[in-house]
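1. what's the 3D shape of this:
(2 chains)
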Amino acid sequence: MKITGTVHKYGDNIDTDVIIPARHCVSVKEEELAAHCLEDLDKEFVNKVQPGDILVAGNNFGCGSSRENAPIAIKGAKVGCVIARYFARIFYRNAINIGLPILECPEAVDGIDKGDKLEIDLQSGTIRNITKDLTFQAAAFPETMQEIISAGGMVAYVKNRLRNSAA
Amino acid sequence: MGMTLTEKILANRAGISEVKPGDLVICKIDIAMATDISSPLTIKVFEEMGGSRVFDREKVPLVHDHLVPAKDIKSAEFSKMMRNFAAQQDIEYYYEVGRSGISHQLLPEQGLIHPGDVVFGADSHSTTYGGLGCFATGVGSTDMAAAWILGESWLRVPESIKIRFTGKLQEWVSAKDMMLLVCRDLGLEGGTYRALEFGGPTISAMPMYDRFVFANMTIECGGKNGVVIPDDTVREYLTGRAKKPADEWDFFEPDADATYYQELNYDISDLQPMVAKPNLPGNVVSVSEVDPVPVDQVYIGSCTNGKIEDLRIAASILKGQKVNKTTRMVVVPATEQIYHEMLTEGLAEVFHEAGASVGPPTCGACFGAHMGVMAKDEVGVFTTNRNFVGRNGDTSAQVYLVSPAVAAATAIRGVITDPRDIMH
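-> Take a look at the predicted model:
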């Protein structure tokens, strides 16, 4: 699957409190959460973001609370992929589980600026910076992660398990 | 090859003799806890997954703590979702408002956590339980829903960081100050994907309430889990409260030849009270290095420092004193049992006479929901665990993280104060 979009770039330690403030977490609806995505970091983000756009950040993206509302808000804002040097571990699991594409690639973070156009091949993990004519290769997912991803997220993975144990 | 404490627990619950960092293991789960704020999404995913019954009605505690007593209609609806699910699933350990408390203090208090357990909590501070020598970590709603159905989950065995303390703390210096030191040195990311293993003579001499602080704030360094090496203090704590019989408590110790990613050794004999300045828990200096900015609100509470011992320390400083005219103070005990003890010991009276507001158990303002949320540009001194932008209220609010002793002294002076300046 290929993703093409414009980059919105932020710094290190983007925490879940700014991704989706607790005051908006009293909802399980994707569209309600998406309306407040990143609001305490960049009030204009939800107005600027276009479907398929790409979030690029530094170290430790998604640190703090375990709220799954955070990746859901980003997915709901129609962000195509998040690229970071690395992710906080609960966010990483949550993103994989709900099917929000994420890639860890420190070189890409250094070689991408706000406003650049990217083309990402999620299967291969290849990140092409069209604006700067540069290509980066993200780390592959561990095997268990790939199983969850190829099952279509954790919900489908557990459904399969339940079906198999009933059979 | 030797194993760390975390490796031993995970190997045991995975039913294998040995694990090493990087291994993926499937572990049996002893407790899979969710709260009023995380369970609605978990219930939704549980249903989407085709779940009908939770794997064990005695292993899925559901706790009203974040939004209670219901702060508005939306949170009332949220609470109702968990209430209905608990009734439908006949959940054994369902904690209703008035009989509840902050989950991370409540579950150990109620005897649901034992050394050697693998505990999942749909809240990042679920690491707290590691104070009892178990593996405990925070997960999101989808992982929790899967755990509710399967009773197991996959885990990547983390590398461990060995943290050892020696020396005797000075008066009015506490476990919170020690942990802020670790937060300073590891930063917000130094523990990411790793286990923090706490031990050494200082901790061995500490009561349980102090030990929970280390495991609790492990997540502030990005840690997957924090674990304190369990000993007779844990055994005494469990006696009379543990749900499992003593022969099912799995006391493990790290091997002498275990391999660690990193080792941190501290002699805390000269440690001063510490302060995490805005807006990161790792932005830590000693109290004497902080500018005397006027403080708008002091907040004592949370899963980190809302225990009865914390309230006793604060009350001992506030007794016969008044909260400074220029500031205000909110005290929130972590559980109903602590609330009860606070009343019977006369602590509530001390706080009330000092001019503080005493609230019911709730996560409250610690995550910026209610019961003491900060206005624009206000300065707060909190005994909580996290001071990110917007965490405790308006994004311009400036929150300092401190121990209960520093908080109480600050309430009296109206500026950040070393408790020893008041008590000596």
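
2. CA only for contacts and neighbour counts going forward, please
-> Noted.

3. tell me the buried residues in the lowest-mean-pLDDT helix or strand in chain A?
-> Using mean pLDDT, DSSP states H and E, helix A:143-151 stands out as the lowest-scoring helix or strand of chain A, at a mean of 75. Buried positions in helix A:143-151, judged by neighbour count with 16 or more other CA atoms under 10 Å in any protein chain shown: A:145, A:148-149.

4. out of the residues you listed, the closest to chain B would be?
-> Of all those, A:Met145 has the smallest distance to chain B: 10.1 Å, by CA to the nearest CA.

5. contacts only, for the closest one.
-> Residues in contact with A:Met145 (CA atoms under 8 Å, 6 or more residues apart in numbering or on different chains) are A:Ile96.

6. so which bits of chain B are right by chain A?
-> Proximity of chain B to chain A is confined to B:24, B:37-38, B:40-41, B:45, B:48-50, B:74-75, B:78, B:122-125, B:138-143, B:146, B:188-189, B:192-193, B:219-220, B:222, B:224, B:367-369, B:388-391, B:395 under the rule CA under 8 Å from any CA of the partner chain.

7. quick check: PyMOL command selecting the buried ones in the residues you listed.
-> To isolate the buried members of the residues of chain B next to chain A in PyMOL, using 16+ other CA under 10 Å:
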select buried, chain B and resi 24+37+38+40+41+45+49+75+78+122+123+124+125+138+139+140+141+142+143+146+188+189+192+193+219+220+222+224+367+368+369+388+389+390+391+395
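
8. mind putting the buried residues of helix A:143-151 into TSV with distance to A:Thr131?
-> Shown next, in TSV, are the buried residues of helix A:143-151 (distance: CA to CA, whole Å):
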residue	distance to A:Thr131
A:Met145	31
A:Ile148	33
A:Ile149	29
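
9. between the helix ranked longest in chain A and helix A:143-151, how many degrees?
-> Using DSSP state H, we find that the single longest helix of chain A is helix A:154-166. Taking axes from the mean of the first three to the mean of the last three CA atoms, to 10 degrees, one finds helix A:154-166 and helix A:143-151 inclined to each other by 90 degrees.

10. buried residues, helix A:154-166. List them.
-> A:154-159, A:162.

11. chain B contacts on chain A?
-> A:13, A:15, A:17-18, A:21-23, A:25-28, A:40, A:60, A:63-68, A:88-91, A:93-94, A:97-98, A:144, A:154-156, A:158-159, A:162.

12. show residues contacting the lengthiest strand in chain B.
-> Longest strand in chain B, counting residues (DSSP state E): strand B:159-166. When contacts are defined by CA under 8 Å, 6+ apart, strand B:159-166 is touched by residues B:4, B:6, B:21-22, B:191, B:193-203, B:259-269.

13. repeat for stretch B:269-278
-> Here stretch B:269-278 makes contact (CA under 8 Å, 6+ apart) with B:166-170, B:172-174, B:177-178, B:180-181, B:282-287, B:290, B:387-389, B:398-403, B:406, B:418.

14. just to revisit the earlier point, out of the contacts of strand B:159-166, which sit inside helices?
-> Of the contacts of strand B:159-166, the ones assigned to helices by DSSP H are B:6, B:201-203.

15. list only buried entries from those residues.
-> Counted by 16+ other CA under 10 Å, the ones in helices among the contacts of strand B:159-166 give B:6, B:202-203 as buried.

16. how about those in CSV, adding pLDDT?
-> Shown next, in CSV, are these (pLDDT from 0 to 100):
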residue, pLDDT
B:Thr6, 98
B:Thr202, 98
B:Ile203, 98
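
17. contacts only, for A:Ala156.
-> Counting by CA under 8 Å, 6+ apart, A:Ala156 has contacts B:Met49.

18. distance between the ends of stretch B:51-61?
-> Using CA to CA, to the nearest Å, the end-to-end distance of stretch B:51-61 comes to 17 Å.

19. wait, stretch B:255-268
-> 25 Å.

20. ok, which stretches of the stretch 51-200 of chain B are strands?
-> Per DSSP state E, counting those that start in this stretch, the stretch 51-200 of chain B carries strands over the ranges B:62-63, B:94-95, B:118-121, B:135-138, B:152-156, B:159-166, B:194-199.

21. list the strands paired with the top strand by length along chain A, with their directions.
-> Criterion DSSP E: the longest strand present in chain A is strand A:2-9. According to DSSP bridges, strand A:2-9 forms sheet pairs with strand A:54-57 (parallel), strand A:117-121 (antiparallel).

22. that one: what's the following helix or strand?
-> Next in sequence after strand A:2-9, counting helices and strands by DSSP states H and E, comes helix A:16-19.

23. show the subsequent helix or strand relative to that next one.
-> With secondary structure assigned by DSSP H and E, helix A:16-19 is succeeded by helix A:30-34.

24. how far off centre is the helix or strand just after that following helix?
-> Remark: after helix A:30-34, the chain's next helix or strand is helix A:45-48, criterion DSSP H and E. In terms of CA atoms, centre = their mean, to the nearest Å, the centre of helix A:45-48 is found 16 Å from the chain centre.

25. likewise stretch B:183-193?
-> Centroid separation for stretch B:183-193 versus its chain: 17 Å, with CA atoms, centre = their mean.

26. what's the end-to-end length of that stretch?
-> End-to-end for stretch B:183-193, by CA to CA: 15 Å.

27. do stretch A:57-69 as well
-> 19 Å.

28. how many residues are close by the closest residue to B:Gln321 other than its chain neighbours?
-> Distance criterion CA to CA, 6 or more residues apart in numbering or on different chains; nearest residue to B:Gln321, sequence neighbours excluded, is B:Ala354 at 5.8 Å. The local packing of B:Ala354 (other CA atoms under 10 Å in any protein chain shown) involves 20 other residues.

29. alpha carbons of the longest strand of chain B, as CSV, please.
-> Below are the C-alpha coordinates for strand B:159-166, written out as CSV (Å, rounded to 0.1, in the frame of the first residue of the first chain):
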residue,chain,number,x,y,z
GLU,B,159,16.3,-5.5,28.7
SER,B,160,16.7,-4.4,32.4
ILE,B,161,18.2,-1.4,34.0
LYS,B,162,19.6,-2.1,37.5
ILE,B,163,19.0,0.7,39.9
ARG,B,164,20.5,0.4,43.4
PHE,B,165,20.3,2.8,46.3
THR,B,166,22.5,2.9,49.4
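
30. each with direction, which strands does it pair with?
-> Short version: by DSSP bridges, strand B:159-166 pairs with strand B:194-199 (parallel), strand B:262-267 (parallel).

31. off-centre distance for whichever helix or strand comes after the last one?
-> I take that to be strand B:262-267. Counting by DSSP H and E, the element after strand B:262-267 in chain order, helix or strand, is strand B:274-276. Taking CA atoms, centre = their mean, one finds the center of strand B:274-276 at 17 Å from the center of the full chain.

32. show me the contacts for B:Ile422.
-> B:317, B:409.

33. that one should be in a helix, yeah?
-> Yes - assigned with DSSP: H, G, I helix; E, B strand; the rest coil, B:Ile422 falls within a helix.

34. what separation do you get for it and B:Ala314?
-> The value you get for B:Ile422 to B:Ala314, if CA to CA is used, is 12 Å.

35. ok, now B:Glu159?
-> 37 Å.

36. ok, B:Thr137 next?
-> Using CA to CA, we find B:Thr137 at a distance of 30 Å from B:Ala314.

37. which one's more surrounded, the two?
-> B:Thr137 (28 against 25).

38. residues contacting the closest residue to the more buried one other than its chain neighbours?
-> Nearest non-adjacent residue to B:Thr137, counting by CA to CA, 6+ apart: B:Thr127, 4.8 Å away. Contacts for B:Thr127 (CA under 8 Å, 6+ apart) come out as B:135-138, B:215-219, B:224-226.
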